[in-house]
Structure formats: C-alpha cells, structure tokens
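> Have a look at this fold, sequence not included:
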C-alpha cells in the first residue's frame, strides 16, 4: 500500500488550512496554527495532530501499523 506524505491540516479554531509534509521518522503531537496561533494537540484516542485535524492520517496509521511511532493511542499530555 502506498503511503501519502502530504496532508492538509485544518485549524478547528479559525478554519485556516495548509498542506504539510508528514514526517516518516517522528510524530507530530503539536501544531501551531500560523493564522490564529492556537496550539493543536491530538484528540483523545488519536496518535497525532494529523490523525485529528488533517485530511490524511499519519504514515504509520496509513500503513496499518495501528500505532504512530510505537506509542499507545493515549498520547495526550
């Protein structure tokens, strides 16, 4: 299965959207909206901000690993 690395992340606070390249070697647990400055973190049960706020889930989830970066699904500091 091909893994997509580009995803459009959308801020739930202001609606700003931007295409971002997802890393394959690191998790993205926080993303600061460049428009309104809100700091996004994963929703409960999601492993990263891409799985919570983007149109394409992170590469490990796409690949069927079921766990981003080998962490539990409860990665919410």
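Received, thanks. All of these numbers come straight from a predicted model, not from anything done at the bench.
> For residue 40, give me its contacts.
9, 11-12, 30-33, 49, 52-53 (CB atoms under 8 Å, 6 or more residues apart in numbering). The way it works is simple: take the backbone N, C-alpha and C, and place the C-beta from them, glycine included.
> Which pLDDT value belongs to it?
Note on residue 40: pLDDT of 97.
> Pull out the buried positions in stretch 33-45.
Neighbour counts over stretch 33-45 (16 or more other CB atoms under 10 Å) mark 33, 40-42 as buried.
> Out of those residues, which sit inside strands?
Among those, DSSP state E puts residue 40 in strands.
> mind checking the SS state of residue 47?
Using DSSP: H, G, I helix; E, B strand; the rest coil, the structure places residue 47 in coil.
> Backbone dihedrals for it, please?
Reported as degrees, to the nearest 10, the phi and psi values for residue 47 are phi -90, psi -20.
> I'd like the distance from it to residue 16, if you could.
In this view, residue 47 and residue 16 are 23 Å apart by CB to CB, to the nearest Å.
> Using the three-state scheme, assign the residue positioned nearest the centre of the chain.
Of all residues in the chain, the one closest to the mean position by CA atoms, centre = their mean is residue 50, 1.6 Å from it. Following three-state DSSP, we place residue 50 in the helix state.
> try residue 18
Using three-state DSSP, the structure places residue 18 in strand.
> quick one: contacts for residue 23?
residue 59.
> could you pull out the helices for this protein?
Assigned by DSSP state H, the chain shows helices spanning 49-53, 59-62.
> any idea which of these is most buried?
A comparison of the helices of the chain by mean neighbour count, using mean count of other CB atoms under 10 Å, puts helix 49-53 on top with a mean of 22.
> Quick one: list the elements packing against that helix.
Packing partners of helix 49-53 (3 or more CB pairs under 8 Å, 6 or more residues apart in numbering; DSSP states H and E): strand 6-10, strand 39-40.
> any chance of these in a markdown table, with distance to residue 64 too?
Formatted as a markdown table, those follow (distance: least, CB to CB, whole Å):
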| stretch | distance to residue 64 |
| --- | --- |
| strand 6-10 | 17 |
| strand 39-40 | 25 |
